[in-house]
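Trainee: Okay, sequence plus prediction incoming.
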Amino acid sequence: MLYLFTAIHPEAAPVVSHYAMQKTGGHFGSIYRSDEAVLVLTGSGPVQTAAAVAEALSCCPPGENDILVNLGICGAPDGYTAGQCFRIHKLTDAGSGRDFYPDIMMPSAFPEAALVTVSKPCPAPETLVDMEGAAFYMTASKLVSSDRIFVYKIVSDHGTDAAVLTPQRVTELVGNVLQGILSEAEQYASALPKQPALSAEAQAAAEKLCEYLDASVTMKSEIMKLAFYLELRGADAAETIRSFLSEEGLSDPSGLRRKEGKHVLKQFRQYCLR
Amino acid sequence: MCLNSSGNTAFDKTGTACPETGNRPALRRALSRVYVEEGAYAYERTQSILGRLPGSTVIPIKDYKNVFNRPNQPAAMQKQAPALILAVLKPPYLYPGAAVCQDFGERHFFYTSCVMNCPYDCEYCYLQGMYPSGDIVIFVNLEDVFREISEVLKEHPLYLCISFDTDLPALEGLTGFLSDWTDFARKNPSLLLEVRTKSAALSAISKLPVTGNMIFAVTVSPDRISRRFEHRTPPLADRLNLARTALSQGRQVRLCFDPMIRTEDFETLYGELFEQVRTSLPTERLRDVSVGTFRISADYLKRMRRNRPCEVTVYPYTNTDGVYGYEPEHVRQMLAFAREKLTGFLPKEKIFFSEELPEGQPL
């Protein structure tokens, strides 16, 4: 799942259209959803952005391989061309002077650049400037690893010419690069390894063992860990548990008291470490 | 970028680590991003290292901790394709040796970290528990470390491990640090250096002048253990070749059977390893050997289990005073087995164990 964050509606419009999204709510920002993505329209400025990002990630917590993307327009010094899109590798919060570094683990098709986030429009930028990037990263990085936070900025103006920027032009600038941005994010999501987890069969067998041993919460936790270890070792955890139950002659789920169960658990531990 | 000059590549020629990624899209090249601390730019070493990494994206930073200590980093992914951070080391430069590390009977046992993190990717490595990042930090102000050591040496001799938190020979092609350490060691005979390595950096080591106060401590594991848990490391034969060549050049060589990893067929695997060492090395020339089973602080293991659940990290270890390890009975069995095999070709005084083993401990 992709989580996309934009500040203003003209930036969001191509995303909403691309995923055929529906607005689903939001107090600090507007949240749009489709089956494939979530879009958060944060509003302009660092405070609004931080609040909207925090709200969205609390309402719709991202999964372990979900990617968060901030995309939008930025100001730039003379010499940059409107429409140039940059992948941001360093964000500076101008207010606090703090720097943040998204971890770009996969080569980007877009050139990289640093970005400074300011709290009010900048008439004569000396570098790429916006009003959301650092606040977005600072909030998102509380919940998501630094490699899954992507920031893209598209040059829209040079400060002095910002006033003539129309909503249609902003939508056009974002729309021109949107497909490239989405491809990168989706490609990275597909590259992320899945955390290993206990198989359903092993889980069922381990729960059966817990039942036979009248296991407490602590004992259950140990049994699950042992089953997980067996699987990571390449053993058939479910079969190992079944063999153990059979060798120990345990056929009655209510045959053991917890004290005896603890003793049997010790034996099971040794059985796993053979 | 080939990290060392011996063909012992932790990364392939394009700098890409050799991860088991299947059909997943490729990650960035290893060391293709270099973060440079503002204060590090002035050092010649910084320019030299950057010169060896053409095409890398260089990002200026105020303090290396802003990158290396970021919260929520994908440390396991970073290990596959680490970024490089060039920084200036701040005091203290020397640390007393940790209790879980062997001192080999040396009284003034210290270590220093002029590089943090290693180009290899061992599943059991404590660095994954110690550091929040898989990126590699190189401190470019070696002279400051040398200055402090010179002061300490005025008080007493020093046994200093310089490759605990990294693998200096594997990085020699990039850093040239071993060469600098060798020069310093030659001028300071009361300094005894230990350089721990799993590399096969033959050409890098062979270029160094021979000095009696520099020990190359080569960690060896059975090939099957190495293939299973020590990703990107050279095979056993190459590590033994490095030890043999170093011995033939008159260097001090230590073999480290540490950590020994317990598997179902532990005795077969390690029995073959000891035999291979006996038959392929002039063992009488070894300075000593160290033997230890896997052990790790509880805090480190907690982080490793969270970041990288795998066979080694989720093993049901026993916690003894905040250190996780195999069950005491298994530890005694493993160490006793090693002692029995090693005393067949090495005098007892040359064998150091991670924990005391009663004489005549039965198998």
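Mentor: Great, that's in hand. Numbering: from 1, shown residues only, chains lettered A, B, ... in the order given.

Trainee: Alongside chain A, which residues does the stretch 251-363 of chain B contribute?
Mentor: B:264, B:309-311, B:314-316, B:327, B:330 (Cβ under 8 Å from any Cβ of the partner chain). Yep, even glycine has a C-beta here, placed from its N, CA and C like the rest.

Trainee: Going by distance to residue A:155, which of those residues wins?
Mentor: When these are ranked by distance to residue A:155 (Cβ to Cβ), residue B:309 comes first, at 43.2 Å.

Trainee: Report the separation between the closest one and residue B:283.
Mentor: 39 Å (Cβ to Cβ, to the nearest Å).

Trainee: same deal with residue B:35?
Mentor: 44 Å.

Trainee: more crowded one of those two?
Mentor: Taking other Cβ atoms under 10 Å in any protein chain shown, residue B:35 and residue B:283 do not tie; residue B:35 has more neighbours (24 against 17).

Trainee: you'd agree that one is in a strand?
Mentor: Yes: according to DSSP: H, G, I helix; E, B strand; the rest coil, residue B:35 belongs to a strand.

Trainee: ok, what's across the strand from it?
Mentor: Residues in a beta bridge with residue B:35, per DSSP bridges, are residue B:59, residue B:85.

Trainee: List the contacts of it.
Mentor: A:101, B:59-61, B:64, B:67, B:83-86, B:135 (Cβ atoms under 8 Å, 6 or more residues apart in numbering or on different chains).

Trainee: Just the buried ones from the residues you listed?
Mentor: A:101, B:59, B:61, B:64, B:67, B:83-86, B:135 (16 or more other Cβ atoms under 10 Å in any protein chain shown).

Trainee: which stretches of the stretch 51-200 of chain B form helices?
Mentor: Taking DSSP state H, counting those that start in this stretch as the criterion, the stretch 51-200 of chain B contains helices spanning B:65-68, B:75-80, B:127-130, B:142-155, B:168-175, B:177-187.

Trainee: could I get those as TSV with mean pLDDT?
Mentor: Output for the helices of the stretch 51-200 of chain B, formatted as TSV (pLDDT from 0 to 100):
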stretch	mean pLDDT
helix B:65-68	97
helix B:75-80	94
helix B:127-130	96
helix B:142-155	97
helix B:168-175	97
helix B:177-187	97
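
Trainee: show me the contacts for residue A:73.
Mentor: Residue A:73 touches A:11, A:130, A:153-157, A:165, A:170, A:173-174, counting by Cβ under 8 Å, 6+ apart.

Trainee: Restricted to helices, list these.
Mentor: Members of these lying in helices (criterion: DSSP state H): A:11, A:170, A:173-174.

Trainee: Of the residues you listed - the most surrounded one?
Mentor: That'd be residue A:11 among the ones in helices among the contacts of residue A:73, by other Cβ under 10 Å, with 26 neighbours.

Trainee: Hmm, residue A:72 and that residue touching each other?
Mentor: Yes: between residue A:11 and residue A:72 there is a contact under Cβ atoms under 8 Å: 4.8 Å.

Trainee: what is in contact with these two at once?
Mentor: Common neighbours of residue A:11 and residue A:72 (Cβ under 8 Å, 6+ apart) are residue A:174.

Trainee: Among the ones in helices among the contacts of residue A:73, which pair sits farthest apart?
Mentor: Applying Cβ to Cβ across the ones in helices among the contacts of residue A:73, the maximum distance is between A:11 and A:173, 8.5 Å.

Trainee: Identify, from the contacts of residue B:35, the entry nearest to residue A:213.
Mentor: residue B:135 (44.5 Å).

Trainee: mind checking how far that closest one is from residue B:34?
Mentor: Where residue B:34 is concerned, residue B:135 sits at a distance of 10 Å (Cβ to Cβ).

Trainee: likewise residue A:6?
Mentor: Taking Cβ to Cβ, one finds residue A:6 at 31 Å from residue B:34.

Trainee: So for these two, which residue has more residues nearby?
Mentor: The neighbour comparison of residue A:6 against residue B:34 (other Cβ under 10 Å) goes to residue A:6, with 26 against 19.

Trainee: Assign a three-state SS to residue A:235, would you?
Mentor: Residue A:235 - assigned by three-state DSSP - is coil.

Trainee: How confident was the prediction at it?
Mentor: Here, the pLDDT recorded for residue A:235 equals 93.

Trainee: same thing with the one 10 residues further on?
Mentor: The score at residue A:245 is 89. That number is its pLDDT.

Trainee: Would you agree it falls within a helix?
Mentor: Yes: when classified by three-state DSSP, residue A:245 is found to be part of a helix.

Trainee: who's in contact with residue A:229?
Mentor: Neighbours of residue A:229 in contact, by Cβ under 8 Å, 6+ apart: A:272, B:311, B:314-316.

Trainee: Just the buried subset of those, please.
Mentor: A:272, B:311, B:314-315.

Trainee: hmm, which helix or strand of chain B has the shakiest average pLDDT?
Mentor: strand B:95-96 (a mean of 89; mean pLDDT, DSSP states H and E).

Trainee: so what secondary structure elements neighbour it?
Mentor: strand B:109-111 (3 or more Cβ pairs under 8 Å, 6 or more residues apart in numbering or on different chains; DSSP states H and E).

Trainee: Run me through the strand neighbours of the strand it packs on, direction for each.
Mentor: Strand pairing (DSSP bridges) places strand B:109-111 next to strand B:95-96 (antiparallel), strand B:158-161 (parallel).

Trainee: And that strand, how far out from the chain middle?
Mentor: 15 Å (Cα atoms, centre = their mean, to the nearest Å).

Trainee: hmm, back to that, got any residues that touch both of residue B:135 and residue B:34?
Mentor: Common neighbours of residue B:135 and residue B:34 (criterion: Cβ under 8 Å, 6+ apart): B:83-85.

Trainee: Distance to residue B:322 added to those, as a markdown table?
Mentor: Listed next are those as a markdown table, based on distance: Cβ to Cβ, whole Å:
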| residue | distance to residue B:322 |
| --- | --- |
| B:83 | 32 |
| B:84 | 33 |
| B:85 | 30 |
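
Trainee: Can you report how many residues lie near residue B:44?
Mentor: 8.

Trainee: To clarify, my last question referred to residue B:174.
Mentor: Around residue B:174 there are 22 residues (other Cβ under 10 Å).

Trainee: Tell me the residues on chain A that lie near chain B, please.
Mentor: Proximity of chain A to chain B (Cβ under 8 Å from any Cβ) is limited to residues A:89-90, A:99, A:101, A:103-107, A:112, A:114, A:141-148, A:187-188, A:190-193, A:195-196, A:222, A:225-226, A:228-229, A:232-234, A:269, A:272-274.

Trainee: Can you select the buried ones from the residues you listed in PyMOL?
Mentor: Remark: buried members of the residues of chain A next to chain B, expressed as a PyMOL selection using 16+ other Cβ under 10 Å:
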select buried, chain A and resi 89+90+99+101+103+104+105+106+114+141+143+144+145+146+147+148+188+191+192+193+222+225+226+228+229+232+233+269+272
